[in-house]
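# Here is a sequence together with a model predicted from it:
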Amino acid sequence: MGRGAQSLARVAVIVRAGAAPLWWPGLLAAAIGALVPGLTGRRIGLLAGAALFLITAAVVALARGRRYAELAGGATRAGRSDFLQDRAVTVRNWRRGRRWWLFGAFLAAVASAFVLPGAGGMVLAGAGAGLWLKAVRIGRREQRDDALYWVRTDWVERGRPAGKRVKGYRTTGPMAGDAAPGGARRRR
């Protein structure tokens, strides 16, 4: 990288990176939990899990929405010397940095089935669905603004593209990088 060059990662890709590792293990934990009678019984556990799924998905999808909009509103154009990180690298870095946390969350969701069957897994799946919804919302803003939002990788603390260390976003044209608006793989 040249003088003043920054490594940039897509905001929507960072947000979306956690969706699948929370969604699929959450569904698996809920299915395992549905097999255990638990203290409250399956029916109450699964109904509580469905309610917790909706609440968790809404909270995660709406969390820090104002901060994302504020950073996107003040975004500056990326420089020619900036290095755009591949989608696969961003996803791999996010997942490698959190693999033990994700495994622990899965185990906790399965263990919670002995109290409230299926509810822990539904909370985990709700968090994954909420991250996916947040990435979709960022993608819609990218399409509306005809720009992709990027953040410096050294500012992203613990995978938070709208954390305290983030001072602003950079933008590129809609065809930059290898991810479509919203962080999905670009179709060829």
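Perfect, I can see it now.

# only C-alpha atoms for contact and neighbour calcs from this point on.
Fine.

# Low-confidence ranges, this structure, go.
Along the chain, segments meeting pLDDT under 70 span 1-5, 186, 188.

# Strands of that one, residue ranges please.
Remark: strands of the chain, listed N- to C-terminal, are 7-10, 76-77, 83-84, 148-152, 170-172; assignment by DSSP state E.

# in this protein, which spans are helices?
Assignment of helices within the chain using DSSP state H yields the ranges 11-17, 19-35, 42-62, 65-73, 87-111, 119-145.

# Now do the shortest one: which elements does it pack against?
If contacts are counted by 3 or more Cα pairs under 8 Å, 6 or more residues apart in numbering; DSSP states H and E, helix 11-17 sits against helix 87-111, helix 119-145, strand 148-152.

# just the fourth one next, same as before
Helices and strands touching helix 65-73, as assessed by 3+ Cα pairs under 8 Å, 6+ apart, are absent.

# distance between it and the chain's centre?
Put simply, helix 65-73 sits 16 Å off its chain's centre (Cα atoms, centre = their mean, to the nearest Å).

# any residues touching that helix, and which ones?
Surrounding helix 65-73, the residues in contact under the criterion Cα atoms under 8 Å, 6 or more residues apart in numbering are 149, 162, 167, 168, 169.

# Out of those, which is nearest to residue 51?
residue 162 (27.7 Å; Cα to Cα).

# show me the contacts for that closest one.
Taking Cα under 8 Å, 6+ apart, we find residue 162 in contact with 64, 67, 68, 71, 156.

# Can you give me the neighbour number for the second one?
If I follow you right, that is residue 67. Residue 67 sits with 14 neighbouring residues when counted by other Cα atoms under 10 Å.

# And it, how close does it get to residue 167?
Summarising the geometry, the distance separating residue 67 from residue 167, computed by Cα to Cα, to the nearest Å, is 11 Å.

# what does the third one give?
Residue 68 is 11 Å from residue 167, where distance means Cα to Cα.

# Which of the two has more residues huddled nearby?
Taking neighbours as other Cα under 10 Å, residue 68 and residue 167 compare with residue 68 leading, 17 against 13.

# Of the contacts of helix 65-73, which is the nearest to residue 184?
In terms of Cα to Cα, no member of these lies closer to residue 184 than residue 149, at 13.7 Å.

# in the sheet, who's paired with the closest one?
Per DSSP bridges, the residues bridged to residue 149 are residue 171.

# can you list the contacts of residue 162 in JSON lines and add distance to residue 12?
JSON lines is the format used below for these (distance: Cα to Cα, whole Å):
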{"residue": "64", "distance to residue 12": "14"}
{"residue": "67", "distance to residue 12": "14"}
{"residue": "68", "distance to residue 12": "11"}
{"residue": "71", "distance to residue 12": "13"}
{"residue": "156", "distance to residue 12": "13"}
